[in-house]
Every structure is written in structure tokens, then in C-alpha cells.
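1. Could you look at this predicted model? Sequence included:
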Amino acid sequence: MAGVMNPTAAAQLGIKPFEAADYLQSDEDCAHYLQACIDEAPEDAALFAKTIGDVA
């Protein structure tokens, strides 16, 4: 399953979850992020829903 990592392995490797919302500082950032999502996978409704959640 994509996007799921073994928590033990992540801790051993020092990998922390990436949270896109932490980097969205302005309306322009949000617009660019949404556009990148549409450009990358225009037919992926689940990705678009996740992106909207990050922006919200």
C-alpha cells in the first residue's frame, strides 16, 4: 500500500512524516500546490481530496 511505512523502520532510519500543510504559508503557495496536484495526476480524485485537505 503506497504511503504507509513501518513505524519501527521509519524510527530506525530517522524518517519523519512529511506534512505538506506545514509548508503552505500563503494563498499563492496553496494555489501552486493545488495546480501541481492537478498537473501531476489529473484523474486521481483521492490525491486531489488529500491536497484539498492539506490546504484546508
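-> Cool, the structure landed.

2. and the gap between the residue nearest the centre of the chain and residue 40?
-> The chain has residue 20 as the residue nearest its centroid, 5.0 Å off, counting by CA atoms, centre = their mean. In this view, residue 20 and residue 40 are 13 Å apart by CB to CB, to the nearest Å. Yep, even glycine has a C-beta here, placed from its N, CA and C like the rest.

3. so what does the biggest helix by length in the chain touch, helix or strand wise?
-> Secondary structure of the chain per DSSP state H: the longest helix is helix 27-40. Counting contacts by 3 or more CB pairs under 8 Å, 6 or more residues apart in numbering; DSSP states H and E, helix 27-40 is packed against helix 45-55.

4. who's in contact with the helix it packs on?
-> 19-21, 24, 30, 33-34, 37-38, 40-41 (CB atoms under 8 Å, 6 or more residues apart in numbering).

5. Residue 40 - nearest residue in space that isn't next to it in sequence?
-> Closest residue to residue 40 apart from its sequence neighbours, by CB to CB, 6 or more residues apart in numbering: residue 47 at 7.7 Å.

6. do residue 34 as well
-> Per CB to CB, 6+ apart, closest to residue 34 is residue 51, 5.9 Å.

7. repeat for residue 16
-> residue 10 (7.7 Å).

8. where's the one you found relative to residue 17, distance?
-> On the measure of CB to CB, residue 10 and residue 17 end up 8 Å apart.

9. Any idea how many residues pack against residue 37?
-> 20 (other CB atoms under 10 Å).

10. Let me fix that, I meant to ask about residue 55.
-> 16.

11. now swap in residue 51 and tell me
-> Count around residue 51 with other CB under 10 Å applied: 21.

12. Show me what the helix or strand where the residue nearest to residue 16 lies is packed against.
-> For residue 10, the host element (DSSP states H and E) is helix 7-13. Contacts defined by 3+ CB pairs under 8 Å, 6+ apart place helix 7-13 against no helix or strand at all.
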